[in-house]
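*Asks:* No letters, just coordinates:
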């Protein structure tokens, strides 16, 4: 009889064309959309030039020292040189198009090579991080350039041969350039556990597919909870209570239907993710199954709870929307909790939706096995038990 | 063994006593009418009989099974037709009947053939594939009854099954009840329509304010009031102007005024009626219509409670 009641519920749900839209069509559309968004973001990231833009104002760009400095700066991984005249440079700086302006005064090369005091001007926002960075990044090559000039000039003086100056300055500059490529201190990038630099594991749908799956599993319960509300409104629940079915069997029948609906939706989205989007759920099929079953039981229990608390269809929709946004946003279905950090991530990790995401992403992104998902599935089942207990308690209190 | 036996049944909701020491019974194969105005306690009583409410005191049994001590066995013998149409509007008539049959433990070919039989009984074989939500009120009520008959219960409880439907569907339902009864089913039929109770019932229990105030056959109940006659009067003014004068007239056993209509229970209408006119004239009240009714269940109710059944 429990099975018969569940089948009846499922028949009613399937007959509701709107529910098919929300159970199948919308999640697939949103998965594609979110995947594109994540992929677009990461592609843009890869193509973007993250170097600090610096306007270079040089009235004598063909002078020896100007050419040497430009070549060095232009090959930098940190600075992007944009040659401009002074007016253009200042406009660009004001508009924020460049982080600073480096002005090489007219006669700079001649003065430096003559041993006279020569100074470059850096115009930048001293209090900004980019301004500070520019100063640090320019200080070294300019010092090296001036050092090379000084060494070459001294060498020519020592040898009393002015012709030695040019080979000496080029030699010294080339040595500085070689040395600058050798790091004296090696820096290793340390990645904290769970904060992998590529949070989608190489496929943006690894986040989008389980994220939307969890989100729409929660939203899908609207239909199933409405069945329970309708049953009270049409007095069919009262009639059920006059049959030989025991109250717990009625609750179990509805729970089974809700679980069936959520699980069916999950299977559709997993299959779609696997074969259409390359999300490798089947890398660990038992793990995926375990997380999906636990997710289905939790969501079904919550649907049951909403169904027994809500008095009208409008309340069902309201409660379902609140649940969906709360558990989706806090549970990391839209973005990884690692990206949020702090208190948000700490609260989010306690959410059942976060455990579902952890379970799926252990398989999809972190490449872990069945052992890794037991904890996530266990936590989901505990939540399911708690929600189910509340629903049964409320059901007993209902005035049918 | 009695098919239905109700003994000192009580139900309270906080301080409010909805049913007070109600007692009645029905033999196998009879129709028991439970008659009373809205709020008399009929629905609460049948809610206890059908296992929806636990009695506060007393007990009731269906085919010898106590509803408090052995509710499952009692439910197996019972089919309940709720007052509201309790069906799934998005399922067809047949799908509804199949579902409710399963809820009573029927399966397979037995269920299918029984559904066919019930569709025949309720006269909806040709509409069995239509969604119940598209049915008229009368057709819904017929499916509502059919759903309670699938498991061939010994006892069927019908809670006001003809409320708010057209005369044709009402006739169909009353004929169904008679037919089921002829097949041996015991029917507990609650209604506030005294003509339905009179037409269908072997025994009638009249309830008012949570109590069973009379129980017996139709004829026995009528005899309770002797030769009294009911007179219905319509006035051109407030009844209060003349009610006290009329109550003082010898031969007036009871009088009730509601919504501009006055109902009087009198010993001898030929002798009392002129006195009623006389008193009305003295009070400057004009009687605009008079109706004299032979004693019926409404007269009984008026006799017992001092109020008309329509209250």
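*Replies:* Nice, thanks for sending it over. All of these numbers come straight from a predicted model, not from anything done at the bench.
*Asks:* What number of residues are in the vicinity of residue B:271?
*Replies:* Residue B:271: 12 surrounding residues under other CB atoms under 10 Å in any protein chain shown. No exception for glycine: its C-beta is placed from N, CA and C like everyone else's.
*Asks:* wait, I meant residue A:249
*Replies:* Other residues within reach of residue A:249, judged by other CB under 10 Å, total 16.
*Asks:* Provide the secondary structure category for it.
*Replies:* In three-state terms, and counting by DSSP: H, G, I helix; E, B strand; the rest coil, residue A:249 is helix.
*Asks:* who's in contact with it?
*Replies:* A:1-2, A:5 (CB atoms under 8 Å, 6 or more residues apart in numbering or on different chains).
*Asks:* State the pLDDT value of it.
*Replies:* Predicted confidence (pLDDT) for residue A:249: 87.
*Asks:* ditto for residue B:233
*Replies:* We have a pLDDT of 90 for residue B:233.
*Asks:* distance of it from chain A?
*Replies:* As defined by CB to the nearest CB, to the nearest Å, residue B:233 lies at a distance of 40 Å from chain A.
*Asks:* if I pick that residue, what's in contact with it?
*Replies:* Counting by CB under 8 Å, 6+ apart, residue B:233 has contacts B:261-264, B:276, B:287, B:289-291.
*Asks:* Give me the buried subset of those residues.
*Replies:* Those of the contacts of residue B:233 that meet the buried threshold are B:261-264, B:276, B:287, by 16 or more other CB atoms under 10 Å in any protein chain shown.
*Asks:* among those residues, which two are most distant?
*Replies:* Farthest apart among the buried ones among the contacts of residue B:233 by CB to CB are B:261 and B:276. That separation is 14.2 Å.
*Asks:* related to what we said a few turns ago, restricted to strands, list the buried ones among the contacts of residue B:233.
*Replies:* When those are checked against strands (DSSP state E), the matches are B:261-264, B:287.
*Asks:* got JSON lines for these, with distance to chain A and pLDDT too?
*Replies:* Formatted as JSON lines, those follow (distance: CB to the nearest CB, whole Å; pLDDT from 0 to 100):
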{"residue": "B:261", "distance to chain A": "33", "pLDDT": "83"}
{"residue": "B:262", "distance to chain A": "38", "pLDDT": "89"}
{"residue": "B:263", "distance to chain A": "34", "pLDDT": "87"}
{"residue": "B:264", "distance to chain A": "40", "pLDDT": "88"}
{"residue": "B:287", "distance to chain A": "45", "pLDDT": "88"}
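*Asks:* Need those in TSV (columns: distance to residue A:363).
*Replies:* Output for these, formatted as TSV (distance: CB to CB, whole Å):
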residue	distance to residue A:363
B:261	78
B:262	82
B:263	79
B:264	85
B:287	89
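*Asks:* of those residues, closest to residue A:283?
*Replies:* Out of these, the member with the shortest distance to residue A:283 (by CB to CB) is residue B:261, at 81.9 Å.
*Asks:* Count the residues that sit near residue A:174.
*Replies:* Residues near residue A:174, counting by other CB under 10 Å: 12.
*Asks:* tell me which residues in whichever strand or helix holds it are buried?
*Replies:* For residue A:174, the host element (DSSP states H and E) is helix A:165-181. Across helix A:165-181, burial judged by 16+ other CB under 10 Å covers A:165, A:168-169, A:172-173, A:176-177.
*Asks:* For the residue of chain A most remote from its centre, give me the pLDDT.
*Replies:* In chain A, the greatest distance from the average C-alpha position (CA atoms, centre = their mean) is reached by residue A:160, at 64.1 Å. pLDDT recorded at residue A:160 is 81.
*Asks:* Distance from stretch A:68-84 to the middle of the chain?
*Replies:* What separates the centre of stretch A:68-84 from the centre of its chain is 32 Å, taken as CA atoms, centre = their mean, to the nearest Å.
*Asks:* can you confirm residue B:156 is in a strand?
*Replies:* Yes. Residue B:156 sits within a strand when classified using three-state DSSP.
*Asks:* is it in a bridge, and if so with what?
*Replies:* residue B:79, residue B:187 (DSSP bridges).
*Asks:* Report how many residues lie close to it.
*Replies:* Each residue near residue B:156 was counted by other CB under 10 Å, and the total is 23.
*Asks:* So it versus chain A, what's the distance?
*Replies:* Going from residue B:156 to chain A by CB to the nearest CB gives 11 Å.
*Asks:* how about that residue, what does it touch?
*Replies:* Residue B:156 makes contacts with B:78-81, B:148-149, B:180, B:185-188, as judged by CB under 8 Å, 6+ apart.
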